[in-house]
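Participant: Mind looking at a prediction? Sequence and model below.
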Amino acid sequence: MNEPYIYNRNSTTPQKGSFFSSIKDTLTGRNKFATMAAVFGLMLAITITTQQVLTQQDSRSRASFTNGASLALKTTKSTFAAGEEFDLSVFIESPQYAITGADIKIDVPAQFEVLSVTNPGYLSKTIVPSTILATSVNFVFASEIGEQKKGSGILANLKVRAKQSGIGEFRFNLLSSEVTAYSIENQNILNKTTPLALTVSGTATGPTVTPSSSLAALSLTSTKSTFKVGEQFTVDVGVNSQQYALSAAHIGLLFPSNLIQIQSITLGTTFPVRLVAPIIGTGTANFSVGSSISAPFKGTGSIATVTARTLAAGQGQVTFDPAKTQLAAVAEIDRNVAGQLNPFTFIIEGSGSVTTPFPTSIVPSPTPTPKSLTPTPTSTSQTPTVSFSKPVNGSQLPRYGSVQVSVTAGSANGIKEIKVYANSKLLRTCLTATSCSFWWSPTTGTQTLQATASNTSNPPQFGTSTITVTR
């Protein structure tokens, strides 16, 4: 008998917030992939035993929601022949709360395989593509702005195939599923889940879940792997599409910031459409590119070239961030087809270290007195100027949503680059441009924004803006 599970809501472990951030960005219209034919996303699957599901407390801090949302799995019958395909519906019921988003993971028994996930529209926005693995399936849906979903409805439809004889139970993964509601901040209102046991007779033959070796591959390579301290080098971001026609790529990189510094990322011609300009941070970098509508990419090629320099002796790797690296393909709209993610391993030899050119204070150091006998020019027309137009210094931001950051700069001999920092962490680098604009999701509290602009002959000049965020 399929009895519902009711589990403890009083854990005080902080929640990660990535799902809530995704919902928030979508509700404020800042999801750059919402209009793409192929959206990105990768939700990592964690396999846990039935006993762990029954006894583990939820790991997010919330109040007790005795009248919260409930989830159930339903189909038209309980016994299937091996090889038979059928629809499995995910029902949601929320009599009291207006649902804004759902991040749901379902554990799949060995007797079945999930072929696809569709969104019937109860929550009309698909935040990230569904992740279908041999042992689980995960999907993330959200409501439109102003949409308040109460009552019951079909949250998702799964196309399932019976694979081998036996009895298997589909169950909601309580540690990885959450439901959010309007006006209830950062809390999971999921209160009850009902599993579903089904029977398969016989053993099926036919298609199965695509192994990672058949998926598209990404690799990081360089002409050599051993460098000296202070040496500059490049790393190629390569792709092999295998049998897929790729429509877009979102690349996330991780690197040891104590050993190397990524200076720039130059996009290649494999994907000619720039969706999100490269963003380089401390130990992280990411960018998004797409193909033209009429010519998806198929084959092998270079997505981008990363230019970096070594800072200190040691050994490390540049790797793909599996949580942020996705490949979308034609006819695979609801799947991430990235399989193998091959890192680049390097060795740095020598002694000493190189200081990274990162501002440590929002107040610029005074310019030293020149030792040359040449008189100091009285004109300052070539000194770069930089200022924030958005946000306004000292402004209060709303409780939810992203913030637009806009910086303008000028110099008589042109601007080489603009860099924008938040609390000394690099947010964005804009090259050869007099303006830099992007959307940013600040955390709670006071954030100090700093912008630097430089040209070919002058040191950076700083502009600052401080904003206060109330969450």
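Facilitator: All right, it came through fine. None of these values were measured; they are calculated from a predicted model.

Participant: Which residues are in contact with residue 310?
Facilitator: Residues near residue 310 by C-beta atoms under 8 Å, 6 or more residues apart in numbering: 227-231, 233, 259-260, 348, 354. To be clear about C-beta, it is placed using only N, CA and C from the backbone, and glycine gets the same treatment.

Participant: separation between it and residue 162?
Facilitator: 55 Å (C-beta to C-beta, to the nearest Å).

Participant: Could you do residue 306 as well?
Facilitator: 46 Å.

Participant: got a list of what residue 263 touches?
Facilitator: So residue 263 contacts 232, 280, 307-309 (C-beta under 8 Å, 6+ apart).

Participant: could you redo the last one with a cut-off of 6 Å?
Facilitator: residue 307 (C-beta atoms under 6 Å, 6 or more residues apart in numbering).

Participant: ditto for residue 425
Facilitator: residue 282.

Participant: swap in the one 4 residues further on?
Facilitator: With contacts defined as C-beta under 6 Å, 6+ apart, residue 429 is in contact with 280, 419.

Participant: likewise the one 5 residues further on?
Facilitator: Residue 434 makes contacts with 409-410, 415, as judged by C-beta under 6 Å, 6+ apart.

Participant: please redo it, this time with the cut-off set to 7 Å
Facilitator: 408-410, 415 (C-beta atoms under 7 Å, 6 or more residues apart in numbering).

Participant: Point out where the chain drops to low pLDDT.
Facilitator: 1-65, 146, 148, 185, 203-213, 333-334, 352-383, 398-401, 432, 456-471 (pLDDT under 70).

Participant: Break it into its domains for me.
Facilitator: If you go by automatic domain parsing, the domain ranges for the chain are 5-203, 212-353, 385-469.

Participant: Go through whichever strand or helix holds residue 265 and flag the buried ones.
Facilitator: Assigned by DSSP states H and E, residue 265 falls within strand 260-267. When neighbours are counted by 16 or more other C-beta atoms under 10 Å, the buried residues of strand 260-267 are found to be 260-262, 264-265, 267.

Participant: I'd like these laid out as CSV, including distance to residue 289.
Facilitator: As requested, the buried residues of strand 260-267 are exported to CSV (distance: C-beta to C-beta, whole Å):
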residue, distance to residue 289
260, 23
261, 23
262, 17
264, 15
265, 11
267, 6
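
Participant: which residue ranges form the strands in the stretch 1-150 of the chain?
Facilitator: Secondary structure of the stretch 1-150 of the chain by DSSP state E, counting those that start in this stretch: the strands cover 5-6, 69-74, 79-81, 85-107, 112-118, 125-132, 136-142, 149-162.

Participant: who wins for proximity to residue 245 among the ones you listed?
Facilitator: strand 125-132 (16.0 Å; C-beta to C-beta).

Participant: Can you report how many residues neighbour the nearest residue to residue 166 once chain neighbours are set aside?
Facilitator: Closest residue to residue 166 apart from its sequence neighbours, by C-beta to C-beta, 6 or more residues apart in numbering: residue 111 at 4.7 Å. Here the number of neighbours of residue 111 (other C-beta atoms under 10 Å) works out to 21.

Participant: Give me the nearest residue to residue 332, chain neighbours excluded.
Facilitator: Closest to residue 332 by C-beta to C-beta, 6+ apart is residue 244, at 6.7 Å.

Participant: I'd say that neighbour and residue 329 touch.
Facilitator: Yes. Assessed by C-beta atoms under 7 Å, residue 244 is found in contact with residue 329 at 4.0 Å.

Participant: Now do the shared contacts for these two.
Facilitator: Contact criterion C-beta under 7 Å, 6+ apart; residues shared by residue 244 and residue 329: residue 337.

Participant: Inside strands: which ones of the contacts of residue 310?
Facilitator: When the contacts of residue 310 are checked against strands (DSSP state E), the matches are 227-228, 233, 260, 348.

Participant: May I have the phi/psi pair for the closest residue to residue 348 other than its chain neighbours?
Facilitator: In space, and not counting its chain neighbours, residue 348 is closest to residue 310: 4.6 Å by C-beta to C-beta, 6+ apart. Backbone torsions of residue 310, given as degrees, to the nearest 10, read phi -80, psi 150.

Participant: Run through the bridge partners of residue 310.
Facilitator: Beta bridges link residue 310 to residue 260 when assigned by DSSP bridges.

Participant: and if you look at the one 5 residues further on?
Facilitator: The partner list for residue 315 in beta bridges (DSSP bridges) reads residue 347.

Participant: wait, it sits on residue 347?
Facilitator: Yes. Assessed by C-beta under 7 Å, residue 315 is found in contact with residue 347 at 5.0 Å.

Participant: picking up where we left off before, please compute how far whichever helix or strand comes after the strand holding residue 265 lies from its chain's middle.
Facilitator: Note on strand 260-267: by DSSP H and E, the next helix or strand toward the C-terminus is strand 273-280. Its chain's C-alpha centre and that of strand 273-280 lie 13 Å apart, by C-alpha atoms, centre = their mean, to the nearest Å.

Participant: Same question for stretch 327-346.
Facilitator: 14 Å.

Participant: Also stretch 131-142?
Facilitator: 16 Å.

Participant: which parts of it are buried?
Facilitator: For stretch 131-142, by 16+ other C-beta under 10 Å, it's 131-132, 136-142.

Participant: ends of that stretch, how far apart?
Facilitator: Using C-alpha to C-alpha, to the nearest Å, one end of stretch 131-142 lies 16 Å from the other.

Participant: sorry, back to before: out of the strands of the stretch 1-150 of the chain, which is closest to residue 338?
Facilitator: Each of the strands of the stretch 1-150 of the chain has some distance to residue 338 by C-beta to C-beta; the shortest is strand 125-132, at 11.1 Å.

Participant: quick one, that closest one and strand 136-142 angle?
Facilitator: 180 degrees (axes from the mean of the first three to the mean of the last three C-alpha atoms, to 10 degrees).

Participant: Tell me the buried residues in stretch 435-447?
Facilitator: 436, 438, 440, 442, 447.

Participant: Which positions are bridged to the first one in the beta structure?
Facilitator: So the one you mean is residue 436. Applying DSSP bridges to residue 436, the residues it is bridged with are residue 407.
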